[in-house]
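Enquirer: No sequence on hand, only this structure:
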């Protein structure tokens, strides 16, 4: 993914600082360590960017998590129903399983997308 450095895609999929792309915004890189799934650093150590722009900033990520969840659910349905030939009930069960198992990833992706709406990459950051 290093070849994408400097793009929003890099920051969204890696959870890197949206301004400098030098460090992860999250305390723990593994989203499946549930205690730390949404625990974020307050500022970037490299460029001093504050991640929480205002109180309750990441509530907006809820609006992003809905379409992200739809992509995961739609993919699960297509693979289960048409790809594997399951019936409707087993396909529904597959959707539920995929949604439950991918919840930590969906939460992080939503936050990453949300913060990237408001910040952009600066290739030569002068400490601000």
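Expert: Received, thanks. Remember, it's a predicted structure, so these values are computed and weren't measured experimentally.
Enquirer: Torsion angles phi and psi at the most far-flung residue of the chain relative to its centre?
Expert: Ranked by distance from the centre of the chain (C-alpha atoms, centre = their mean), the top residue is residue 87, with 30.9 Å. Main-chain torsions, residue 87, degrees, to the nearest 10: phi -80, psi -170.
Enquirer: Then the one 10 residues further on?
Expert: Backbone dihedrals for residue 97, given as degrees, to the nearest 10, come out at phi -60, psi -40.
Enquirer: what's the closest non-adjacent residue to it?
Expert: Take residue 97 and drop its neighbours on the chain: the residue closest to it by C-beta to C-beta, 6 or more residues apart in numbering is residue 76, 7.9 Å away. No exception for glycine: its C-beta is placed from N, CA and C like everyone else's.
Enquirer: next one: residue 64
Expert: Nearest-residue entry for residue 64: residue 110, 4.3 Å, with adjacent residues in sequence omitted and distances by C-beta to C-beta, 6+ apart.
Enquirer: Burial check on that neighbour, number of neighbours?
Expert: Residue 110 has 22 neighbouring residues, counting by other C-beta atoms under 10 Å.
Enquirer: What of the one 10 residues further on?
Expert: Burial of residue 120, expressed as a neighbour count using other C-beta under 10 Å, amounts to 10.
Enquirer: Now the residue nearest to residue 64: which helix or strand?
Expert: Following DSSP states H and E, one finds residue 110 within helix 103-118.
Enquirer: Give the rounded mean pLDDT of that helix.
Expert: Per-residue pLDDT values over helix 103-118 give a mean of 95.
Enquirer: Low-confidence regions, this protein specifically.
Expert: Scanning the chain for pLDDT under 70 picks out 1-2, 124-128.
Enquirer: In stretch 31-50, which residues are buried?
Expert: By 16 or more other C-beta atoms under 10 Å, the buried positions in stretch 31-50 come out as 31, 37, 40-41, 44, 47, 49.
Enquirer: Start and end of that stretch, how far apart?
Expert: 21 Å (C-alpha to C-alpha, to the nearest Å).
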